[in-house]
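Colleague: Provided below for reference: sequence and predicted model.
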Amino acid sequence: MAGIENLVEELERSFMEARERMSDPAVYNDHREAAKAGRRLKELEGPYKLAQEWRQSQADLDDARSDPELASMAAESEQELERLEQELRMALIERDPADSRDVIIEIRQGVGGDEAALWAGDVLRMLTHYAERRGFKWEELSSSLSEAGGVKEVRFAIKGDGAYSIFKWEGGTHRVQRVPATESQGRTHTSTATVAVMPEADEVEVELDEQDLKIDVYHSSGPGGQSVNTTDSAVRITHLPTGLAVAMQDERSQLQNKARAMRVLRALLYERERQRQQDEQAAARRSQIGTGERAEKIRTYNFSESRVTDHRVKLTLHRLDEILDGDLGEFTDALSAEEQRRALEAATA
């Protein structure tokens with residue numbers, strides 16, 4: 001009991017410190033620090049509420065044990081206390097600080113030519129339908145289509161509380177095994193599409209110095225290279241210190257294309273820094289599933305058997321059509337549960 005008591009006291013102290021920090025004028029007037037303090041307070045609100053419930057449950061149990069008339073309630077109070085202790089321990093597992101963020105997702109055709117581009121289009125529909133099922137809003141930022149009607153590359157944003165905690169599991173290589181519509185011999189082909197999922201960064205978190213940016217403007221072009229307008233509305237922004245470059249041409253306005261390119265560039269730089277920190281923290285790797293590398297094959301979709309297998313948690317489901325229509329909840333739940341199990345195991349080791 002002493003262990004959980006110390007945990008509750010430490011949590012209460014951290015919550016009070018976070019609340020005081022939010023009301024500190026020096027923090028309030030610093031946009032970056034205010035945003036950081038606000039996120040910290042929000043992270044602690046749920047666990048703090050559980051701590052208060054635990055204290056009340058502990059008091060109820062003490063009363064039941066000391067009063068003969070309430071003795072029959074002791075067993076029920078003990079069960080409630082155990083449940084709250086477990087919830088508290090789970091709530092206090094260090095989570096990815098990006099979990100609550102919006103995301104920017106990038107899908108590219110992998111190996112397989114035109115069939116890979118068609119598959120990338122299917123993956124796009126699957127993920128946007130999943131976003132809609134979860135009540136999230138999404139917007140396309142840029143796209144490059146293949147002449148066969150598939151997707152060479154597409155970027156889109158998903159907005160909603162906890163979007164990253166759900167869509168981070170989609171990052172990696174999605175492999176499909178099916179007979180392409182153009183295959184006259186009926187042979188099964190294997191193609192891939194790669195998905196990169198990046199937390200969206202606030203302007204105050206990733207400040208971009210204009211002197212570090214090289215901005216080029218040029219005519220937008222459609223499939224095949226033909227010009228789609230006569231103004232220099234397309235924008236390419238290169239971050240000189242890192243060499244990262246983002247090009248946007250989907251909007252008619254140069255200002256709109258620049259704004260979208262800056263959003264993607266901030267997300268790329270934020271993700272780059274996150275990866276650097278994770279690489280430096282060996283302990284963080286223990287709570288990850290797989291290596292987290294984008295090139296890793298995470299899931300296989302087999303059309304002939306209506307089978308989808310997630311290789312990270314060895315989960316196979318035989319309802320391909322529903323999954324391609326965005327019914328990914330069972331995979332998300334299994335992956336999140338495995339992450340929690342490993343994190344709890346590491347925390348108690």
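Modeller: All right, it came through fine.
Colleague: any residues touching stretch 135-143, and which ones?
Modeller: Contacts with stretch 135-143, where a contact means CB atoms under 8 Å, 6 or more residues apart in numbering, come from 104, 128, 131-132, 151, 153-160, 163, 247-250, 260, 263-264. No exception for glycine: its C-beta is placed from N, CA and C like everyone else's.
Colleague: what's the next secondary structure element after the worst-scoring helix or strand of the chain on mean pLDDT?
Modeller: The least trusted helix or strand in the chain, going by mean pLDDT, DSSP states H and E, turns out to be helix 282-285, with a mean of 38. Going down the chain from helix 282-285, the next helix or strand is strand 297-302, by DSSP states H and E.
Colleague: neighbouring strands for that next one, and are they parallel or not?
Modeller: The strands that strand 297-302 pairs with in its sheet are strand 172-178 (parallel), strand 307-310 (antiparallel) (by DSSP bridges).
Colleague: Count the residues that sit near D327.
Modeller: Using other CB atoms under 10 Å, D327 is surrounded by 16 other residues.
Colleague: hang on, it in a helix?
Modeller: No. Assigned with DSSP: H, G, I helix; E, B strand; the rest coil, D327 falls outside any helix and is coil.
Colleague: still on that earlier bit, JSON lines please, covering the strands paired with strand 297-302 and showing mean neighbour count, distance to A75 and mean pLDDT.
Modeller: Formatted as JSON lines, the strands paired with strand 297-302 follow (neighbours: other CB atoms under 10 Å; distance: least, CB to CB, whole Å; pLDDT from 0 to 100):
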{"stretch": "strand 172-178", "mean neighbour count": "21", "distance to A75": "47", "mean pLDDT": "93"}
{"stretch": "strand 307-310", "mean neighbour count": "20", "distance to A75": "40", "mean pLDDT": "96"}
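Colleague: okay, those in a markdown table with distance to E210 next?
Modeller: Shown next, in a markdown table, are these (distance: least, CB to CB, whole Å):
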| stretch | distance to E210 |
| --- | --- |
| strand 172-178 | 35 |
| strand 307-310 | 43 |
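Colleague: roughly how far apart are the closest residue to P47 other than its chain neighbours and E106?
Modeller: In this structure, P47 finds its nearest non-sequential neighbour in A91, 4.2 Å apart by CB to CB, 6 or more residues apart in numbering. Taking CB to CB, to the nearest Å as the measure, A91 falls 32 Å from E106.
Colleague: neighbour-wise, which of these two wins?
Modeller: Comparing A91 with E106 by neighbour count (other CB under 10 Å), the higher total belongs to E106, at 20 against 17.
Colleague: element containing that one, please.
Modeller: E106 belongs to strand 103-109 when elements are defined using DSSP H and E.
Colleague: Neighbouring strands - and their directions - for that strand?
Modeller: Strand pairing for strand 103-109, using DSSP bridges, gives strand 151-159 (antiparallel), strand 189-199 (antiparallel).
Colleague: what's that strand in contact with?
Modeller: If you take CB under 8 Å, 6+ apart as the criterion, strand 103-109 is touched by 116-117, 119-120, 123-124, 127, 141, 146, 150-158, 163-164, 167-168, 170, 193-200, 263-264, 267.
Colleague: do stretch 192-200 as well
Modeller: 98, 101-112, 116, 119-120, 122-123, 127, 157, 164, 167-168, 170-176, 263, 266-268, 270-271, 274, 294-295, 297.
Colleague: Mind checking which of the residues you listed are buried?
Modeller: Burial by neighbour count, 16 or more other CB atoms under 10 Å: within those this picks out 98, 101-110, 112, 116, 119-120, 122-123, 127, 157, 164, 167-168, 170-176, 263, 266-268, 270-271, 274.
Colleague: what's the spacing between the spatially most central residue of the chain and E330?
Modeller: Nearest to the geometric centre of the chain sits Y164, at 2.2 Å (CA atoms, centre = their mean). Separation of Y164 from E330 (CB to CB): 19 Å.
Colleague: One more: L255?
Modeller: In terms of CB to CB, L255 sits 43 Å off from E330.
Colleague: So the two - more neighbours on which side?
Modeller: E330 (15 against 10).
Colleague: Tabulate the strands paired with strand 103-109 (CSV), appending distance to P25.
Modeller: Listed next are the strands paired with strand 103-109 as CSV, based on distance: least, CB to CB, whole Å:
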stretch, distance to P25
strand 151-159, 31
strand 189-199, 29
